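J.: Prediction below, plus the sequence it came from.
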Amino acid sequence: MLRILHQIFRTGIVTEPLPSAVETEIEFIGHRLEDAIRKRFHRSLTIREVDAGSCNGCELEIHALNNPIYNCERFGIHFTASPRFADILLVTGPVSINMETALLRTYNAAPNPKLVIAVGECGYNGGIFGESYASLGGIGKIIPVDVYIHGCPPKPADILNGILKAIEGSEPIC
């Protein structure tokens, strides 16, 4: 244990900071998001991420939101493993035949009022996978979608903007 701690202290911080323009953009979006979350939910925002059959490009960008560089938790955003506690469903990929039932169950398990955000071109219209014997196409064909975030994959700042758009476009909870 002590050997590991000594190694950590010798190595130091190895992550690179964001470029200043990107950091400024994230801070601006984040503070707007923080205010919108407080107005809409009066607490933090809980997100359930669902992979409906994607190539994992969008998941990498979503996971980047939670890393020490972007750190979305500083703005009051938390990810949960259970849809029963989720305010937003963040869905990626085209809906594969095998994930249709799971997506519907997740949607039905989330409490009302719920927001659904489709991430990436595949979530919008099936992307390069389109509609085929294995793919049903975009998320909107299976469950109602409130906001689409375009890109293949979208940048973390675009994902934060999409979450902000979904929160601002919805009615406040009383």
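T.: Sure thing, it's come through.

J.: how about the strands in the chain?
T.: Secondary structure of the chain, counting by DSSP state E: strands at 45-51, 77-79, 88-92, 115-119, 147-149.

J.: Tell me which of those strands lies nearest to Gly140.
T.: Across the strands of the chain, the minimum distance to Gly140, taken as Cβ to Cβ, is reached by strand 115-119, at 6.6 Å. All C-beta atoms are positioned from the backbone trio N, CA, C, and that covers glycine.

J.: now the angle from that closest one to strand 45-51?
T.: If you take axes from the mean of the first three to the mean of the last three Cα atoms, to 10 degrees, strand 115-119 sits at 50 degrees to strand 45-51.

J.: quick one: contacts of strand 115-119?
T.: 58, 62, 87-92, 107, 124, 138-140, 143-149, 153-154, 159, 162-163, 166-167, 170 (Cβ atoms under 8 Å, 6 or more residues apart in numbering).

J.: Could you pick out the longest helix of the protein?
T.: Taking DSSP state H as the criterion, the chain has its longest helix at helix 20-41.

J.: Worst mean pLDDT across the helices and strands of the chain, which element?
T.: Ranked by mean pLDDT, DSSP states H and E, the weakest helix or strand in the chain is helix 2-11, scoring a mean of 81.

J.: Buried residues in that helix, which are they?
T.: The neighbour-count check on helix 2-11 (16 or more other Cβ atoms under 10 Å) flags nothing as buried.

J.: Quick one: distance of it to the chain centre.
T.: 34 Å (Cα atoms, centre = their mean, to the nearest Å).

J.: Which strands or helices does it pack on?
T.: Helix 2-11 is packed against no helix or strand, with contacts defined by 3 or more Cβ pairs under 8 Å, 6 or more residues apart in numbering; DSSP states H and E.

J.: ok, back up a step: same for the longest helix of the chain, what does it pack against?
T.: Counting by 3+ Cβ pairs under 8 Å, 6+ apart, helix 20-41 packs on helix 156-169.

J.: got the angle between the helix it packs on and helix 20-41?
T.: Between helix 156-169 and helix 20-41, the angle comes out at 20 degrees (the same axes, to 10 degrees).

J.: picking that back up, would you list the buried entries among the contacts of strand 115-119?
T.: Of the contacts of strand 115-119, these count as buried by 16+ other Cβ under 10 Å: 58, 62, 87-92, 107, 124, 138-140, 143, 145-149, 153-154, 159, 162-163, 166-167, 170.
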